[in-house]
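Chemist: The following comprises the amino acid sequence and a computationally predicted model.
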Amino acid sequence: MRHLFPSLFTSASLSVALLVAACESGTSTAPGTADSVTSTPETDTATQADSTATPGACVSAGSQCEQGALLKDVKLQNCAGEAVSLSDFVCDHKATLIYFGAGWCQPCRDKQPKLKAWYDANRAAGLHVVTILKEQNAPNDPATPLFCEEWARTYGLDFPVLIDPADKLTSDCLGTGGLLPVTAVVDPAWKVVYKDVGGDASDAEATFQELLAQ
């Protein structure tokens, strides 16, 4: 399988890959280490939508990417270079796990098999997974449709892989810490019920299982 992805891993720019638990993004404004945060969905905020909304009844998106807030909807690209709305992948699912990464980020690559395993084991119960790639082999090297296609093929992913080359959402989810990867679990009402910045998101499963059980 390695011969299918030479453009990602043989470039000299791969030297910037960080073999640590978190990767620093080239767009960060204040590089540092962000703490992983896990909590149960909030229910007492009047301005937020009901987190128990049923699949197929997706409400309007919000404008943020913070835990407890409503995730904003944006136009990204799929591996064919077509414009797609994030709402196409959040609505109609009990839980959506959104994973932000980049080709130069070693932990981001290492996590793809785990994402695939989660998806394969829970898709029938209502879990959806989306990987969003911002950059290719180095910071400030925007992801392309070809890169997207090779990424999906290399890891055998049958869930959506999207690219965010114009940085419409990734930096919002990174926050000022500027660390990749970022993992978010979103409920059908767009609420971000889990967010992990720069960590391995190993506890994300407990959150999406709670949503699947509803």
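Modeler: That came in fine, so what should we check first?
Chemist: number of nearby residues for the residue nearest to residue 113 when sequence neighbours are not counted?
Modeler: Closest residue to residue 113 in three dimensions, ignoring its sequence neighbours and counting by C-beta to C-beta, 6 or more residues apart in numbering: residue 155, at 6.6 Å. In short, each C-beta sits where N, CA and C put it, glycine included. Other residues near residue 155 come to 18 when the count uses other C-beta atoms under 10 Å.
Chemist: My guess is residue 155 contacts residue 111. True?
Modeler: No. Counting by C-beta atoms under 8 Å, residue 111 is not a contact partner of residue 155; they are 9.7 Å apart.
Chemist: Which parts of the protein are helices?
Modeler: Ranges of helices in the chain, per DSSP state H, are 6-9, 87-90, 106-122, 145-154, 170-174, 204-212.
Chemist: Buried deepest among these, which one?
Modeler: helix 170-174 (a mean of 22; mean count of other C-beta atoms under 10 Å).
Chemist: Give me the packing partners of that helix, helices and strands only.
Modeler: Of the remaining helices and strands, those touching helix 170-174 by 3 or more C-beta pairs under 8 Å, 6 or more residues apart in numbering; DSSP states H and E are strand 95-101, strand 182-186, strand 192-197.
Chemist: for the last one, what is the average pLDDT?
Modeler: The predicted model gives strand 192-197 an average pLDDT of 95.
Chemist: Repeat that for the shortest one.
Modeler: Mean pLDDT, computed over strand 182-186, is 96.
Chemist: neighbouring contacts of it?
Modeler: For strand 182-186, the external contacting residues (C-beta atoms under 8 Å, 6 or more residues apart in numbering) are 65, 71, 90, 95-100, 170, 173-174, 192-199, 201, 204, 207-208, 211.
Chemist: Quick one: end-to-end length of stretch 153-170, please.
Modeler: 22 Å (C-alpha to C-alpha, to the nearest Å).
Chemist: and the gap between residue 136 and residue 184?
Modeler: 22 Å (C-beta to C-beta, to the nearest Å).
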